[in-house]
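S.K.: Build me a model from this:
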Amino acid sequence: MLRFNSDNLPTGSDMSFLASSRFAKESGLAPHSVYRNLPPSQLYELALAFEPGTHITSTGALATLSGEKMGRSPKDKRVVRDPETEKDLWWGPHSPNYVMDDRTFLTNRERAIDYLNTLDRVYVVDAFVNWDPASRLKVRVVTSRAYHALFMHNMLIRPTAQELEEFGEPDFVIYNAGAFPANKYTNVGRRGGGEGKYMTSQTSIDLSLKHKEMVILGTMYAGEMKKGVFT
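M.R.: This is a model prediction of the structure:
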């Protein structure tokens with residue numbers, strides 16, 4: 001595995017774009033250093049340097065480990081049910097939308113933010129979803145892993161230098177603290193028509209349409225971010 005001398009690390013971004021964000025102010029996100037929209041070559045180097053089990057394959061792809069979760073965890077995905085958005089979603093015993101309340105969502109968000117704020121570096125990807133400008137959304141991904149940033153660099157529509165400069169406030173934010181576990185004892189509640197738990201394991205993928213945020217805990221499988229954007 002490569003190891004960077006601290007003098008050879010890429011220069012962190014000016015964090016004014018993050019400090020001025022309403023999402024960052026409300027969540028308390030205040031990382032030590034941010035790498036924003038790095039090119040793949042630098043994300044490769046950082047993943048190789050700091051993420052054990054990462055290597056380059058014979059085809060040039062970056063291969064890495066996602067921990068225990070090697071696929072999506074649909075039974076650990078929760079959607080916040082609130083008066084503002086509940087009429088637009090399918091609820092009930094056969095619904096794939098497992099219910100979470102706002103308090104538990106905010107508790108999990110704080111757990112994720114506390115973890116991200118302890119790290120030496122976090123990665124931010126600011127990009128778009130939807131090619132049609134009239135329907136385009138600005139998505140911000142905040143994550144602890146270079147591999148996640150590379151994945152979303154490939155999945156989302158990348159802004160030009162000018163678009164990034166003028167990106168402003170995102171429409172939707174993903175806080176990916178998947179390397180840190182959820183607390184399965186956080187809360188107990190009901191799911192779509194039947195008894196259930198808001199938290200069933202140390203994995204929790206939580207979506208709030210009210211807050212326009214997604215929180216990921218306890219899984220480093222990158223596909224959870226993609227599916228959150230689709231949702």
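S.K.: Quick one: end-to-end distance for stretch 17-30.
M.R.: The separation between the terminal residues of stretch 17-30, taken as Cα to Cα, to the nearest Å, is 12 Å.
S.K.: Give me the contact list for it.
M.R.: Taking contacts as Cβ atoms under 8 Å, 6 or more residues apart in numbering, the residues outside stretch 17-30 that touch it are 31, 34, 36, 109-110, 113, 116-117, 124, 126, 140, 142, 167, 169-170, 173, 175, 213. C-betas here are computed from N, CA, C, even on glycine.
S.K.: thought Ile216 was touching Tyr175?
M.R.: Yes - in this structure Ile216 lies within contact range of Tyr175 using Cβ atoms under 8 Å: 6.9 Å.
S.K.: between those two, which one's more packed in?
M.R.: Neighbours per residue, other Cβ atoms under 10 Å: of Ile216 and Tyr175, the larger number sits with Ile216, 31 against 27.
S.K.: So the more buried one: helix, strand or coil?
M.R.: Recorded secondary structure, Ile216: strand (DSSP: H, G, I helix; E, B strand; the rest coil).
S.K.: show me where the protein has helices.
M.R.: Taking DSSP state H as the criterion, the chain carries its helices at 16-19, 22-27, 40-50, 102-118, 146-155, 161-165, 223-230.
S.K.: Now tell me what touches the last one from outside.
M.R.: To tie it back to what came earlier, the one meant is helix 223-230. Counting contacts by Cβ under 8 Å, 6+ apart, the residues outside helix 223-230 that touch it are 71-73, 77, 129, 139, 141, 143, 148, 151-152, 155-156, 172, 174, 176, 178, 205, 207, 214, 216.
S.K.: burial of Lys77, as a residue count?
M.R.: Lys77 is flanked by 22 other residues according to other Cβ under 10 Å.
S.K.: typo on my end, it should be Val80
M.R.: By the other Cβ under 10 Å criterion, the neighbourhood of Val80 contains 25 residues.
S.K.: Correct me if wrong: it contacts Leu209.
M.R.: Yes - at 7.1 Å, Val80 counts as touching Leu209 under the criterion of Cβ under 8 Å.
S.K.: that older thread, need the residues touching each of Ile216 and Tyr175.
M.R.: Taking Cβ under 8 Å, 6+ apart as the contact rule, the neighbours common to Ile216 and Tyr175 are Ala112.
S.K.: could you pull out the strands for this structure?
M.R.: Assigned by DSSP state E, the chain shows strands spanning 34-36, 55-56, 62-63, 77-80, 98-100, 122-129, 137-143, 172-177, 189-191, 194-196, 204-208, 213-217.
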